[in-house]
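1. Mind looking at a prediction? Sequence and model below.
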Amino acid sequence: MRIGILKCGQSPETLRGELGDYDIMFETLLAGRGFDFASYHVEAMEFPASVHEAEGWLLTGSRHGVYEDHAFIPPLEEFIRRAYGEHVPLVGICFGHQIIAQALGGKVEKYAGGWAIGAQDYDFEGQPVTLNAWHQDQVVERPQGARPIAANGFCENAALVYDDDRALTVQGHPEFGDAMIAGLIDHRSSSIPAELVTRAQARMSGSGPSSLLADRIERFLKAPRAAARGAA
């Protein structure tokens with residue numbers, strides 16, 4: 001199954017040699033599950049010619065806010081709407097979670113409660129799951145057809161599923177192990193309160209990416225669904 005990775009940003013340059021860029025992290029997360037991958041650096045305006053170039057799409061994180069004025073955001077939102085309308089499954093992580101919500105009529109804003117960084121505990125439909133996170137922005141209004149499937153006391157819309165089979169989005173980072181959080185603390189934490197950094201460092205135990213979320217993403221992408229309608 002061909003999965004297109006829409007790279008909405010890049011990991012810090014100083015970490016890429018050791019940990020890889022965001023697309024490589026997702027290839028590692030989903031390795032051995034019957035997928036092959038094609039990456040498109042949409043942040044640099046590299047877009048697929050059609051939503052049918054892949055059988056599913058995965059949108060990565062980014063340092064940008066979805067509500068900011070960047071050239072790649074309007075065409076990315078249009079691509080999301082086209083893929084959604086054609087029933088090509090979408091998976092969004094962090095920025096990807098937020099841009100899918102915004103493109104489909106939801107609202108994203110800089111959360112007044114501040115940052116979530118490092119290990120966070122969520123309730124995924126009754127199952128406790130811990131994921132690494134790195135965000136201040138949140139989906140504060142869900143689009144029509146979006147149903148929450150994960151939350152905690154800090155993030156009401158920690159994961160959403162759309163019309164049961166069209167999109168699955170997650171605010172946390174299943175592709176991030178503790179090494180990535182440590183690297184982000186070293187390179188991107190200057191604006192984050194020191195007590196949050198200390199708390200994140202205290203919860204590190206050398207863990208890697210989340211196999212539980214990899215399982216969920218695999219099931220979602222491979223689930224039987226209506227055939228794509230029309231041509232892109």
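-> Thanks, I have the structure now.

2. Where does the prediction get shaky in the chain?
-> Residues of the chain that meet the criterion pLDDT under 70 lie in 226-232.

3. Centroid-nearest residue for it?
-> Taking Cα atoms, centre = their mean as the criterion, Ile93 is the residue nearest the geometric centre of the chain, at 0.5 Å.

4. pretty sure that one contacts Leu59?
-> Yes. A contact is recorded between Ile93 and Leu59 when judged using Cβ atoms under 8 Å, the distance being 6.9 Å. No exception for glycine: its C-beta is placed from N, CA and C like everyone else's.

5. May I see the buried residues of stretch 202-214?
-> Met204, Pro209, Ser210, Leu213, Ala214 (16 or more other Cβ atoms under 10 Å).

6. And the strands in the chain, which stretches?
-> Remark: strands of the chain, listed N- to C-terminal, are 2-6, 36-40, 56-59, 90-93, 107-110, 116-124, 127-135, 137-141, 146-151, 159-162, 167-170; assignment by DSSP state E.

7. and the gap between the spatially closest residue to Pro174 that is not a sequence neighbour and Gln127?
-> The spatial neighbour of Pro174 that comes closest, neighbours along the chain excluded (Cβ to Cβ, 6 or more residues apart in numbering), is Leu213 at 3.4 Å. When distance is defined by Cβ to Cβ, to the nearest Å, Leu213 is 11 Å away from Gln127.

8. How about Asp178?
-> Noted for Asp178: a distance of 21 Å to Gln127, by Cβ to Cβ.

9. Kindly report the same for Arg203.
-> Noted for Arg203: a distance of 19 Å to Gln127, by Cβ to Cβ.
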